[in-house]
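J.: For reference, the sequence and a predicted model appear below.
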Amino acid sequence: MRIKACVALTKASIMDFLQFRLSAFVMLLGNIIYLIVIYNLWRAIYASVDNATINGMSFNDTMIYLVLASAQFTFMEAYLVWMMGRAIQSGKIVLDLLKPVPYAQYLLFGLEGGNLCAFVVTFIPTFIIVEIITKGAIHIGVNILFYLAAALLGMIINFAIDFFVGTICLYTQSTWGINIMKEVVVLFLSGATVPLAFFPETLKKIALFLPFHAIYNTPLTFLTKGHEMGLGESFLLIGEQALWAVVLLIIGKIFWKLSERIITVNGG
Amino acid sequence: MKRLGFYISIYRKIIIQDIKSKMSYRSDFIISMIGMIITDISELLAFYIMFLNFPSVCGWTYHEMLFLYGFSLVALTPLQCLFDNNWNLRHYVYEGDFIKYCFRPINIFFYFISEDFDTKGLGQFFVGMGTIVYAWYKLSLPVTFFNIAALIVALIAASLFMVSIMNIAAASCFFLTNSGYIMVTMNKFRDYAKYPVTIFPIFFRIIFTFIIPIAFIAYFPSLVILRPQEIPFLTWFSPVYGIIFFFISYKIWMWGAGKYSGTGS
């Protein structure tokens, strides 16, 4: 019964995505422009050190890392905090809560289909373009499977964090500020803005201690360094992600249960 | 002249109402302000980390890059503070509420834009000013009357470009439904304004100079102060170009508004 509901929600979200094909195309275009800017910027930066490898990152590694981080952002970021904030402000949340599926699941499966489509429409083309530009610098092998697993877990962690932050909106009634703060903290500490490898030692330690790096840094590491890692090491990284995913989902769920009762909706 | 005074007095009244209504959500105001400042600071941190690993970008040092970044932040403040209502335009048009702007005996563009004063943009202004002052001090640039005057003129001219780009992007909703993604995509370009345009190959330099003129947001105007010995012609041209570009964007916006026929409700 539960599974049937989840499949139905996923299907609905895929259909919803297909309604806005043009926006997916523009998203891909935005990604390509970003790719051009990043390529030239880091080309210029690496030119100042004669294309040396800095902190284990060559020019190609940095390119792959940053461009795919941005592509990953487009399929992972589902603007959940916005959705929850708007549902809270408009009162639509009451209808969502009446659904015979727990709210967190309703949201997760309602977004998953869209994420999946965005993955196919924007991530895969960007991946291919990067592979061509860097002349096959992304190793294709078992690491791709690890990447997919890590990206899925990263998506769940991202969802759990979003859900937690969205719940905060119940208290603050402020969506924009909360959302932008979350976005900045996640993007920065996950290494999507500047690769974690470039961070100064202490900051890197802090970042690796927090869950955010599991969203972008872990999956992307499989693409840049995956072929150099042993199976044991790879499974360890996946295990760490899985642990974070479970912990964060539980925390989110508890926080939601505690906060649910303060929902106030004005008017009828 | 009398008309200008009339518009200014209306603007003041509308803005005061808007700020009053925003102040009734005080926590939202404070959280948004902090959010804005954190965003800008994370960018500064990114620069800092980048320059820990690399000595320069295309001959630009850390402090020069900071200057560019601070300059772009201040130049983008008017867009954030005064023209933020453009983000709502597509909802108004889609839901039919835009009709209310058509029934006032004042300029539609003016009335629509004046309705929203985005207070959180002020955080960006202060971070930007702080960055400029810090970089100015570190680069030991001379503090002369000419430099200060040039900075102010350059900032005002620079602010026109992104405003114009977003005006045109917002106006696209008069012609297309669900044009939000056009605004989101164009809005991304503001992030690229903080880099010296010389890092791009010639083809993109032309695009970023003439078609989507983000090079005028920070790079060209900053040269007056950063590299006074090698100011290109385009720098002097930028105020004129800014005004022309703004005028074009205004005309496109008004043309779109003229085509608006309501939703029939």
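T.: Sure, I can see it.
J.: What's the separation between A:I36 and chain B?
T.: 7 Å (C-beta to the nearest C-beta, to the nearest Å). Bear in mind the C-beta positions are built from the backbone N, C-alpha and C, glycine included.
J.: need the contact list for that residue.
T.: B:F200, B:F204 (C-beta atoms under 8 Å, 6 or more residues apart in numbering or on different chains).
J.: Wait, a helix at it?
T.: Yes. Applying DSSP: H, G, I helix; E, B strand; the rest coil, one finds A:I36 inside a helix.
J.: What score does it have for pLDDT?
T.: Reading off the confidence values, A:I36 has pLDDT 86.
J.: spatially speaking, which residue is in the middle of chain A?
T.: Geometric centre of chain A, nearest residue: A:M76, 3.9 Å, by C-alpha atoms, centre = their mean.
J.: no, scratch that, I was asking about chain B
T.: Nearest to chain B centroid, counting by C-alpha atoms, centre = their mean: B:L76, 3.1 Å.
J.: Poorly predicted segments of the chain, please.
T.: Because you didn't say which chain, this covers chain A. Applying pLDDT under 70 to chain A flags residues A:1, A:20, A:264-268.
J.: Chain B is the one I meant
T.: B:177-178, B:262-265.
J.: Tell me who's in contact with the residue nearest to the centre of chain A.
T.: Applying C-beta under 8 Å, 6+ apart, the residues contacting A:M76 are A:N115, A:A151, A:G154, A:M155, A:N158, A:I215.
J.: Just the element for the residue nearest to the centre of chain B, please.
T.: Element membership for B:L76, per DSSP states H and E: helix B:62-82.
J.: Give the buried residues for that helix.
T.: Using 16 or more other C-beta atoms under 10 Å in any protein chain shown as the test for burial, helix B:62-82 gives B:62-82.
J.: what about residue 240, neighbour count?
T.: With no chain named, the answer covers chain A. For A:E240, the count of nearby residues is 16 (other C-beta atoms under 10 Å in any protein chain shown).
J.: oops, chain B please
T.: Counted with other C-beta under 10 Å, B:V240 comes out at 10.
J.: next one: the one 10 residues further on
T.: Counted with other C-beta under 10 Å, the neighbours of B:Y250 add up to 18.
J.: Just say helix, strand or coil for A:V49.
T.: A:V49 - assigned by three-state DSSP - is coil.
J.: And the residue nearest to it when sequence neighbours are not counted, how far from A:Y39?
T.: In this structure, A:V49 finds its nearest non-sequential neighbour in B:F54, 5.9 Å apart by C-beta to C-beta, 6 or more residues apart in numbering or on different chains. For B:F54, the distance to A:Y39 equals 16 Å [C-beta to C-beta, to the nearest Å].
J.: B:T185 too?
T.: 18 Å.
J.: More neighbours: which of these two?
T.: The neighbour count for B:T185 versus A:Y39, taken as other C-beta under 10 Å, is higher for A:Y39 (21 against 17).
J.: Let me see the contact set for that one.
T.: Counting by C-beta under 8 Å, 6+ apart, A:Y39 has contacts A:M63, A:V67, A:I133.
J.: List the contacts of the first one.
T.: Going back to what we said before, that points to A:M63. Contacts of A:M63 (C-beta under 8 Å, 6+ apart): A:I38, A:Y39, A:W42, A:V130, A:I133, A:T134.
J.: From the residues you listed, which land in strands?
T.: Using DSSP state E, the subset of the contacts of A:M63 located in strands is empty.
J.: Can you add distance to A:L145 and give the residues you listed back as JSON lines?
T.: What follows is the contacts of A:M63, written out as JSON lines (distance: C-beta to C-beta, whole Å):
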{"residue": "A:I38", "distance to A:L145": "27"}
{"residue": "A:Y39", "distance to A:L145": "28"}
{"residue": "A:W42", "distance to A:L145": "28"}
{"residue": "A:V130", "distance to A:L145": "19"}
{"residue": "A:I133", "distance to A:L145": "23"}
{"residue": "A:T134", "distance to A:L145": "21"}
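J.: so where do the helices sit in chain B?
T.: Using DSSP state H, the helices assigned to chain B run over residues B:2-23, B:26-53, B:62-82, B:89-95, B:99-102, B:108-114, B:121-138, B:145-171, B:180-192, B:202-206, B:219-226, B:233-259.
J.: can you put the ones you listed in CSV and add distance to chain A?
T.: Shown next, in CSV, are these (distance: least, C-beta to the nearest C-beta, whole Å):
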stretch, distance to chain A
helix B:2-23, 11
helix B:26-53, 3
helix B:62-82, 11
helix B:89-95, 12
helix B:99-102, 21
helix B:108-114, 19
helix B:121-138, 10
helix B:145-171, 11
helix B:180-192, 4
helix B:202-206, 7
helix B:219-226, 13
helix B:233-259, 19
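J.: okay, those in TSV with distance to A:N51 next?
T.: Converted to TSV, the helices of chain B look like this (distance: least, C-beta to C-beta, whole Å):
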stretch	distance to A:N51
helix B:2-23	50
helix B:26-53	14
helix B:62-82	20
helix B:89-95	45
helix B:99-102	55
helix B:108-114	48
helix B:121-138	28
helix B:145-171	34
helix B:180-192	23
helix B:202-206	21
helix B:219-226	25
helix B:233-259	31
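J.: Next, the residue lying closest to A:G56 once chain neighbours are set aside: secondary structure please.
T.: Nearest residue to A:G56 in three dimensions, chain neighbours excluded: A:A197, at 5.7 Å (C-beta to C-beta, 6+ apart). Three-state assignment for A:A197 (three-state DSSP): helix.
J.: returning to that earlier point: ranking the contacts of A:M76 by neighbours, who comes first?
T.: A:I215 (31 neighbours).
J.: Might one say that that one is in contact with A:I157?
T.: Yes. Contact criterion C-beta atoms under 8 Å: A:I215 and A:I157 qualify, at 5.4 Å.
J.: Leaving out the residues flanking it, which one is nearest to B:G128?
T.: That would be B:L73: by C-beta to C-beta, 6+ apart, it lies 3.0 Å from B:G128.
J.: swap in B:D18?
T.: Nearest-residue entry for B:D18: B:F117, 5.1 Å, with adjacent residues in sequence omitted and distances by C-beta to C-beta, 6+ apart.
J.: Now do the SS call for A:T193.
T.: Strictly by three-state DSSP, A:T193 counts as coil.
J.: How much space separates B:Y260 from chain A?
T.: 21 Å.
J.: what's that residue in contact with, if anything?
T.: B:V93, B:F98, B:I99, B:C102, B:F174.
J.: Please tabulate those in a markdown table, including the columns distance to B:Y48 and neighbour count.
T.: Formatted as a markdown table, these follow (distance: C-beta to C-beta, whole Å; neighbours: other C-beta atoms under 10 Å in any protein chain shown):
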| residue | distance to B:Y48 | neighbour count |
| --- | --- | --- |
| B:V93 | 42 | 22 |
| B:F98 | 44 | 22 |
| B:I99 | 50 | 15 |
| B:C102 | 50 | 13 |
| B:F174 | 43 | 20 |
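J.: Which of these lies at the shortest distance from A:T10?
T.: Checking the contacts of B:Y260 against A:T10 by C-beta to C-beta gives B:V93 as the nearest, at 32.2 Å.
J.: you'd agree the closest one is up against B:F175?
T.: No. The pair B:V93 / B:F175 is not scored as a contact, 10.0 Å apart, by C-beta under 8 Å.
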